[in-house]
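J.: Have a look at this prediction, sequence included:
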Amino acid sequence: MLQSLRNSSQSWVMRIFLCLLAIGFIGFFGSGVDFAQIWGGGRNPVVITIGSRKITASELVGRMQKLAATKLPPGTDLTPYKNLIKEQVKQQIITETLLDLEVERLGLIVGDAQVRRAIQSMDPFLDEDGYFDKQRFAGVLYSMQTSEKEFIEIIRRELQRKQLVQALISGVLAPNNMVAPFLAWMQEKRTVELLEVIASEVAAPLPTPEQIETFYKDNPKLFTAPEHRTISLIALTPEAVLAQVQLSEEEIAEEFETRHKAGSRLLTEAQSDKVLQEIKQERAEKLFHELSIQIEDDLGSGSSLEEISQSHGLPLVRLTKVQANRTFQPAPNSAPLSQTLIKDVVAQAFETGINEDIDLVETDMGAFLALRVEKITPATIKPLAEVRNEVIKYWQQNQQMQAATKKAQSIVDAPQALQGLNSFAQDKALRHKAGITLTRSPDDHTDLIPPKLRHDIFASALNTPVMGTTANGFVIARVTNIQRDKGPASTQDLDKLSKRLQIQLQDDVINELLDALYRQYGYEENKKALEAI
């Protein structure tokens, strides 16, 4: 949006033209949102309120349709993108509405002549010689199902917003005396030597009995067995029902005659396979629906899972030590649990109490679960005798990290570190690496240099050691060389950076404007209605 606010009027109107053109390709969101079903009575709720302006759900969906049509190829599955598109549209609406309100308050006007010039410069309305063609203009608007008056007003509003923003950013430039030093700063390179302090290789003593007991008492979460449950369940899945459907050749041939009126029982292999799959699928869907109703009735009449399993031929699954992290153990002689059901089974297991009435629950994948919780073992701290070796391991790791911290800090503070880090590498817990050249890019040597340490490296003086934390312990860096271009920067590089800085400064001004308008006019949203879209 900020880029659009900086663009010329030609880019502005072309953006609006493309957005309107997308109306002809809408087929993404609107038809899938039943407002009457969601909110009742065919209401179209207000989802966003900005000052005196109220944005309805249908307006938001319409904008989402346009954005999807202009940004994504036809036929794209939009499910993964819907929330992203909704958020982008919401931000666009907020920006445009805030600017519209301020335009009205200031009384900014864009004349007909300016609107006319903008429209007459749009490529879709120009003939082969580059002149505005009225017939093309009328034809394009007709194809977009937009009247000339509507189109003119849309362009006028866009130009009014641009007029407001341009008045603020037209004089925003990067100071000349700032560009060259900043370019030199950006292009600076630093060569460092590193000393890695590996915590796991620092010697650690064995703890005394008193230290073991103290550490055990001070860190109960490390030695707590999580809550786990024992459950039984039956699962009704479309795949399992389909696999049970069996058809004879006579049934296949009879069905083929009925459907295709071929007048013959002779089928090709391809025809037989196709008809077989169609019939199996239809029968499986019917059987699946019937079984779900029967199981629900059985549960309602008090039948046990074991009785339902036997009467309907559904495997009975028994699981022990079911944990919230989706780990479990199958009970002896239990039927296996499908991998696709693990998430739903665990979720249902932890939403159900012991001996609660069993309900038939539908999963997101279209399966049905009937689940019984037989035992709940609450989270408990394991006895010290049981976890003694774990306590010792954690205690030693903690001691190693403390020792590594002291070792690393002592090296940083040591006077000889100013002359070099290689002399410290005789310690087996240390790894020395030299001659590593770094740039300010955050993607440079990320395996060796954590982000904060990179910042400290470029902020430190030559030969001064600095320290950073890593997954294995610590890394100490010492700058051995600083490379800066001695000659003047090229005019091309300076111009390029000047433009980048100008854009960033203009963005800052625009953001400050929008923040001020946001506070001035206020903003509210109907979260429930937004989530329903």
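T.: Ah, there it is.

J.: Please work out the average pLDDT along stretch 239-256.
T.: The average pLDDT within stretch 239-256 is 75.

J.: To clarify, my last question referred to stretch 476-494.
T.: Mean predicted lDDT for stretch 476-494 stands at 88.

J.: How about stretch 307-327?
T.: Averaged over stretch 307-327, pLDDT sits at 94.

J.: For the stretch 51-200 of the chain, just list every one of the strands.
T.: With DSSP state E, counting those that start in this stretch as the criterion, the stretch 51-200 of the chain has strands at 53-56, 189-198.

J.: can you redo the ones you listed as a markdown table with mean neighbour count and mean pLDDT?
T.: Just so you know, the C-beta spots here come from the backbone N, C-alpha and C atoms, and that holds for glycine as well. Output for the strands of the stretch 51-200 of the chain, formatted as a markdown table (neighbours: other Cβ atoms under 10 Å; pLDDT from 0 to 100):
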| stretch | mean neighbour count | mean pLDDT |
| --- | --- | --- |
| strand 53-56 | 16 | 94 |
| strand 189-198 | 21 | 94 |
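
J.: Need those in a markdown table (columns: distance to residue 485).
T.: As requested, the strands of the stretch 51-200 of the chain are arranged in a markdown table below (distance: least, Cβ to Cβ, whole Å):
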| stretch | distance to residue 485 |
| --- | --- |
| strand 53-56 | 52 |
| strand 189-198 | 10 |
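
J.: Closest to the centroid, which residue in this structure?
T.: What sits nearest the mean C-alpha location of the chain, by Cα atoms, centre = their mean, is residue 84, with 8.3 Å.

J.: Quick check: residue 371 touching residue 299?
T.: No - Residue 371 lies out of contact with residue 299 (Cβ atoms under 8 Å); the separation is 11.0 Å.

J.: Give me the distance between stretch 504-511 and the centre of its chain.
T.: Relative to the chain's own centre, stretch 504-511 is displaced by 27 Å; criterion: Cα atoms, centre = their mean, to the nearest Å.

J.: Give me the buried stretch members for that stretch, please.
T.: Of all the residues in stretch 504-511, those buried under the rule 16 or more other Cβ atoms under 10 Å are 506-507, 510.

J.: Return the alpha-carbon coordinates of that stretch using PDB.
T.: In PDB, the C-alpha atoms belonging to stretch 504-511 read as follows (Å, rounded to 0.1, in the frame of the first residue of the first chain):
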ATOM      1  CA  GLN A 504      12.300   4.500   3.500                       C
ATOM      2  CA  LEU A 505      11.900   8.100   4.800                       C
ATOM      3  CA  GLN A 506       8.700   8.500   2.800                       C
ATOM      4  CA  ASP A 507       7.400   5.300   4.200                       C
ATOM      5  CA  ASP A 508       8.100   6.600   7.700                       C
ATOM      6  CA  VAL A 509       6.200   9.800   7.000                       C
ATOM      7  CA  ILE A 510       3.200   7.900   5.600                       C
ATOM      8  CA  ASN A 511       3.200   5.500   8.600                       C
END
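
J.: For residue 432, see how far away the residue nearest to the centre of the chain is.
T.: 46 Å (Cβ to Cβ, to the nearest Å).

J.: now residue 354
T.: 60 Å.

J.: So between the two, which is more surrounded?
T.: Per other Cβ atoms under 10 Å, whichever of residue 354 and residue 432 has more neighbours is residue 432, with 17 against 11.

J.: For the helix or strand where the more buried one lies, buried residues please.
T.: Applying DSSP states H and E as the criterion places residue 432 in strand 430-438. Going by neighbour count (16+ other Cβ under 10 Å), the buried part of strand 430-438 is 430-432, 436, 438.
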